[in-house]
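In: Have a look at this prediction, sequence included:
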Amino acid sequence: MPKSIIALLLCYFAITAACLIKQVAVIFSIVLIVLAIAIIGKQKAALLMLRVFTGLQVLAISFLPYAASQANESIFKLLELNLSISTTAEYTILGTWTLFCIFQVWVSINQNVAKWFKNKNTFNVVG
């Protein structure tokens, strides 16, 4: 298993654990767990799922400047937790999310990762 996939899986498990402990975004956590299990199982569909998930994150991040420019319906209201987070912490969260998305794009288009998903085992009972 390439080291970049291991790092990505550790990030996925950390995000999932944090979401489940805070009891926030439970469906998102379940989707991440399914994606991580598919990646560990070297499923060919997992690479496609990883690339689609990455593409959706890139679209979400590219939408952020517009959403942040809206005064009343700011994207930062979605990031409010029970704690009072200052504006600089909100920008830190968004910056961290952007860096994670860049890392995820790099992992999903990496050739070593694509080669790792090519499963040579066939489980065809007939052939």
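Out: Yep, it's here.
In: neighbouring contacts of the helix or strand bottoming out on mean pLDDT in the chain?
Out: Taking mean pLDDT, DSSP states H and E as the measure, helix 87-109 is the helix or strand of the chain with the lowest mean score, a mean of 81. Where contact means CB atoms under 8 Å, 6 or more residues apart in numbering, the residues beyond helix 87-109 that reach it are 4-5, 7-8, 11, 47, 50-51, 53-54, 57-58, 61, 64, 76, 79, 85, 113. Heads up, the C-betas are built off the backbone N, CA and C, glycines and all.
In: again, but for stretch 54-64
Out: Residues contacting stretch 54-64 (CB under 8 Å, 6+ apart): 75, 94, 97-98, 101, 104-105, 108.
In: Stretch 12-19 now?
Out: 25-26, 28-29, 32-33, 35-36.
In: and Ser29, how many neighbours?
Out: Residues near Ser29, counting by other CB atoms under 10 Å, number 20.
In: which SSE is it in?
Out: helix 26-40 (DSSP states H and E).
In: now that helix against helix 87-109, angle please.
Out: 30 degrees (axes from the mean of the first three to the mean of the last three CA atoms, to 10 degrees).
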